[in-house]
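Engineer: Structure for the following, please:
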Amino acid sequence: MTGCQSRSVRMLLVDDDPSMLKLIRAIVERSFPDQISVEVAEDPRIARRMIESSPVDIVITDMEMPGVNGLEIVRCAKRRNAYTQALMLTGHSTVDLLLDAMELGATDYLLKPLDKEELIVVLTETINRLTRWRKALSNTYTTRQRAAQETVAQTAT
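Structural biologist: Residues are numbered from 1 along each chain as shown. Model prediction:
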């Protein structure tokens, strides 16, 4: 694997419930110790600032929080990095909310109460998707770089 695929995945967990943050963080750190670097934000406004200062690879956000809802977190994350994988966490979703989340680019959702095995499966799929994106982007960059070098070499002769 090249360096771009093997680097740690940066994940941000956003939920106004500290016990949910603690639970998800513990599961992720136990299940993906060398793959995922976990950051948490109990306040969605702080989460937005964190995303704006440094993009994340994965964001798991509660849909309903005071002040800023999960859709705004997804919108912010996708605006900062289009390849961010957004997972919605909800205890009482509606079809409209889920459709809005999909339109904003959410890649999956998890229901509360959280099922540990489902979280692990969804995160494994998400990491695999990120790895494919990174590989595709790396290959595209390498191909373009080679083509540019060949063009420069041809014009020099």
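
Engineer: N69 versus the spatially most central residue of the chain, what's the distance?
Structural biologist: The residue lying closest to the centre of the chain (Cα atoms, centre = their mean) is I58, at 1.6 Å. Here I58 is placed at a distance of 19 Å from N69 (Cβ to Cβ, to the nearest Å). Just so you know, the C-beta spots here come from the backbone N, C-alpha and C atoms, and that holds for glycine as well.

Engineer: Likewise for D100?
Structural biologist: From D100 across to N69, the span is 10 Å (Cβ to Cβ).

Engineer: Tell me the secondary structure of the nearest residue to E118 once chain neighbours are set aside, please.
Structural biologist: With Cβ to Cβ, 6 or more residues apart in numbering as the criterion, E118 has its nearest non-adjacent residue at 6.4 Å, and that residue is L110. With DSSP: H, G, I helix; E, B strand; the rest coil as the basis, L110 sits in strand.

Engineer: Tell me who's in contact with L110.
Structural biologist: I60, L87, M88, L89, T90, E118, L119, V122 (Cβ atoms under 8 Å, 6 or more residues apart in numbering).
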